[in-house]
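**Q** Give me a model of this one.
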Amino acid sequence: MLDVKERGSRTRSTLGLVGFLLVLVAALSAQAEPPSSKLPGRKPDSKEPWGAFLGKAAHEAIGLEYRVQHPSNVVFLNTISLYDIVKDGKLGDPKRLSELVRLLRPDITDTNALVLFELKPDDEESRREGRQQAGRYLAALNEVVKPDKKLTGGTGFEGSLFLEFEKGGALWQLSWRTPEPGVTLYRWSYRRKKPDASWKERVAQKEEELPGEKIEQRGALAEQAIRGAYEGGERPKGFEGQVYLPVDCR
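**A** Numbers count the residues shown, from 1 in each chain. Predicted coordinates for the structure are as follows:
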């Protein structure tokens with residue numbers, strides 16, 4: 001993930017023929033005609049597994065959504081090391097961090113709220129791994145921060161984002177929850193194509209596991225659409241509510 005300045009300075013690519021529309025709707029049945037943009041898909045010579053794009057997309061969306069929800073806070077995402085978090089967050093002396101931990105990068109660290117989140121897929125093994133990692137980050141940070149700057153695992157962070165591929169096409173949902181301090185679990189789900197249904201009907205459809213062939217088909221586009229949608233570090237003014245990204249694949 002890129003920080004706000006880096007994202008703001010990045011010029012939009014004109015490669016590829018993938019357009020996406022972003023609109024945040026106050027109700028799922030609302031209609032809007034937002035402007036479109038073009039983003040590249042997966043590089044033809046990429047050897048990265050398709051499923052990895054969904055993990056990156058989830059981290060991108062959840063981290064940036066946290067930052068959007070806390071605009072006044074200093075929030076570090078997972079490109080920033082513990083050393084820089086302590087230094088730039090003015091938490092204490094980063095030189096006290098051991099060489100073994102100073103380059104570790106938590107997924108979300110809020111140095112105003114003094115909380116930290118580790119993002120993992122929603123399964124028990126990943127949850128245990130997230131708990132261990134969050135604990136390691138907190139232990140390392142709290143060894144070197146000032147007494148009034150101790151961090152804890154964050155709580156109460158949850159949400160969802162919808163991706164619709166082609167008008168009336170299949171609907172993907174990314175949802176996340178924080179069932180224990182410091183561990184945020186995410187999952188992707190799928191709703192079958194239903195062109196003439198309203199948003200309320202679409203969302204009420206049965207959730208299914210995202211098919212492997214769909215991940216291969218659209219996985220890269222999901223990551224690119226999410227990254228472009230949050231470019232600039234804020235949502236378009238005048239919209240509140242559910243995050244909705246119709247992605248037009250040509």
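
**Q** ok, residue 99 to residue 105 distance?
**A** Applying Cβ to Cβ, to the nearest Å, one obtains 15 Å for the distance of residue 99 from residue 105. No exception for glycine: its C-beta is placed from N, CA and C like everyone else's.

**Q** Who has more neighbours out of the two?
**A** Using other Cβ atoms under 10 Å, the more surrounded residue of residue 99 and residue 105 is residue 105, with 17 against 7.

**Q** how close does the nearest residue to that one once chain neighbours are set aside sit to residue 85?
**A** In space, and not counting its chain neighbours, residue 105 is closest to residue 78: 4.9 Å by Cβ to Cβ, 6 or more residues apart in numbering. For residue 78, the distance to residue 85 equals 11 Å [Cβ to Cβ].

**Q** Of these two, which one has the most company?
**A** Taking neighbours as other Cβ under 10 Å, residue 78 and residue 85 compare with residue 85 leading, 25 against 17.

**Q** for the host helix or strand of that one, which positions count as buried?
**A** If you go by DSSP states H and E, residue 85 is part of helix 82-88. By neighbour count on 16 or more other Cβ atoms under 10 Å, the buried set for helix 82-88 is 82-83, 85-86.

**Q** what's the answer for stretch 200-217, then?
**A** Judged by neighbour count using 16+ other Cβ under 10 Å, the buried positions of stretch 200-217 are 202-203, 210, 214-215.

**Q** Among these, which one sits closest to residue 130?
**A** Distances from residue 130 to the buried residues of stretch 200-217, taken as Cβ to Cβ, are shortest for residue 210 (20.7 Å).

**Q** Now the two most distant members of the buried residues of helix 82-88.
**A** Across the buried residues of helix 82-88, the longest distance by Cβ to Cβ is 7.3 Å; it joins 83 and 85.

**Q** what do the two both touch?
**A** Among the neighbours of residue 83, none is also in contact with residue 85 (Cβ atoms under 8 Å, 6 or more residues apart in numbering).

**Q** gap between residue 198 and residue 204?
**A** Relative to residue 204, and taking Cβ to Cβ, residue 198 is found at 9 Å.
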